[in-house]
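[1] need a structure here:
(chains A, B, C and D, ligands or ions: 4)
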There are 2 protein chains.
Amino acid sequence: MSNRRDAVHEILRQSEGFRSAQDVYAEMRAEGAKIGLTTVYRALQALADSGHVDTLRTDDGESVYRACASGDHHHHLVCRRCGRTVEVAGPAVERWAEAVGSEHGFTGITHTVEVFGTCASCSSAAAKPAGVPSRA
Amino acid sequence: MSNRRDAVHEILRQSEGFRSAQDVYAEMRAEGAKIGLTTVYRALQALADSGHVDTLRTDDGESVYRACASGDHHHHLVCRRCGRTVEVAGPAVERWAEAVGSEHGFTGITHTVEVFGTCASCSSAAAKPAGVPSRA
DNA sequence: ACGGTTTTGACAACCGTTTTCATTTGCACG
DNA sequence: CGTGCAAATGAAAACGGTTGTCAAAACCGT
Ligand SMILES: [Zn+2]
Ligand SMILES: [Zn+2]
Ligand SMILES: [Zn+2]
Ligand SMILES: [Zn+2]
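    Ligands and ions are numbered 1, 2, ... in the order given. All right, here's what the predicted structure looks like:
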């Protein structure tokens, strides 16, 4: 439908990790795109609602978004340094969550699972000189 | 050390689920306690830093806190209706997170895991008349 | 071209949280 | 008891991400 929406989606597709709304907005403006911050927020929300992008909250309360390859339910292993993210499936976790829920009489179980760490290139860069910039 | 800090801690101890800073502040004022919102925020942060309370972010970005019985690492199964929370251990999840991390060359693995659902009393109350208030 | 609908975006309002900073409190020492 | 000093407190202002407002702009079928 919306041209803007696709533009935002495209930015996410070209990104390696999760991006914030302001982040995406800044990049689009830098590229000369004529778009408003409000529209970026709306696009991201729409994409998230329609399940086209995954979203999560950073520790400091910022919402970040990512266009994931898999449309199926999955989780994320994200580098806390550079943001690089890999999608991971966790059948074991899915079962565990379901089990622990019903075990206590809870229904309609959902869960949030995120794994953080320092990726190989970042941890090797850390030991030596200054590393590559951040965000991919 | 601080008298205020303990007072805040106490409120959390008496609570069944996670509470927000403003939430705690409101209750303390209602009880006639003379305390400022700033201090509540500081107390909660200190308690969280020292590991005396667990904290997590709600979907709408609010930080909430809870005084948990177990000092060991654990996760939470929280009723999305009334907020009632039960602490759950998940050795399987711990292992899985660690495995999936190192599998991809990540180090210093940490993780966030929360399980949500509707508790037994809430789901039975939902089917019939109007339910009990919220928060405990 | 034309009315009606949808989308857009500059700007202001929101709201939880953090900072600031002047005041109060707690405590050791004389 | 004073006095001095450092930590704690809290009212109010600043912050920052997000959402709401509303008038202008882009679309679209006719
Ligand atoms: Zn994903
Ligand atoms: Zn899952
Ligand atoms: Zn806990
Ligand atoms: Zn764990």
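
[2] residue boundaries of the helices in chain A?
    With DSSP state H as the criterion, chain A has helices at A:3-13, A:21-30, A:37-49, A:91-103, A:120-127.

[3] residues touching residue A:19, list them.
    Contacts for residue A:19 (CB atoms under 8 Å, 6 or more residues apart in numbering or on different chains) come out as A:11-12, A:64-66, A:135. C-betas here are computed from N, CA, C, even on glycine.

[4] From ligand 3, how far out is it?
    Look at residue A:19 and ligand 3: by CB to the ion, to the nearest Å, they are 31 Å apart.

[5] For ligand 3, see how far away the nearest residue to residue A:110 once chain neighbours are set aside is.
    In this structure, residue A:110 finds its nearest non-sequential neighbour in residue B:116, 4.9 Å apart by CB to CB, 6 or more residues apart in numbering or on different chains. Distance of residue B:116 to ligand 3, given as CB to the ion: 14 Å.

[6] Kindly report the same for residue A:3.
    46 Å.

[7] and what of residue A:49?
    With distances taken as CB to the ion, residue A:49 is found 30 Å from ligand 3.

[8] burial of that residue, as a residue count?
    10 (other CB atoms under 10 Å in any protein chain shown).

[9] export the contacts of residue A:19 to CSV and tack on neighbour count and distance to ligand 3?
    Listed next are the contacts of residue A:19 as CSV, based on neighbours: other CB atoms under 10 Å in any protein chain shown; distance: CB to the ion, whole Å:
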residue, neighbour count, distance to ligand 3
A:11, 22, 37
A:12, 20, 34
A:64, 21, 25
A:65, 26, 28
A:66, 22, 28
A:135, 14, 32
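
[10] For residue B:22, state which of those is nearest.
    Nearest to residue B:22 out of these is residue A:64 (CB to CB; 24.8 Å).

[11] Is that closest one bridged to anything, and to what?
    residue A:20, residue A:56 (DSSP bridges).

[12] so it makes contact with residue A:22?
    No: look at residue A:64 against residue A:22 with CB atoms under 8 Å: they stay out of range, at 10.2 Å.

[13] count of neighbours near the closest residue to ligand 3 within chain A?
    For chain A, the residue closest to ligand 3 is residue A:100, as judged by CB to the ion, at 13.7 Å. Using other CB under 10 Å, residue A:100 has 22 neighbouring residues.

[14] list the contacts for it?
    Counting by CB under 8 Å, 6+ apart, residue A:100 has contacts B:77, B:88, B:90, B:115.
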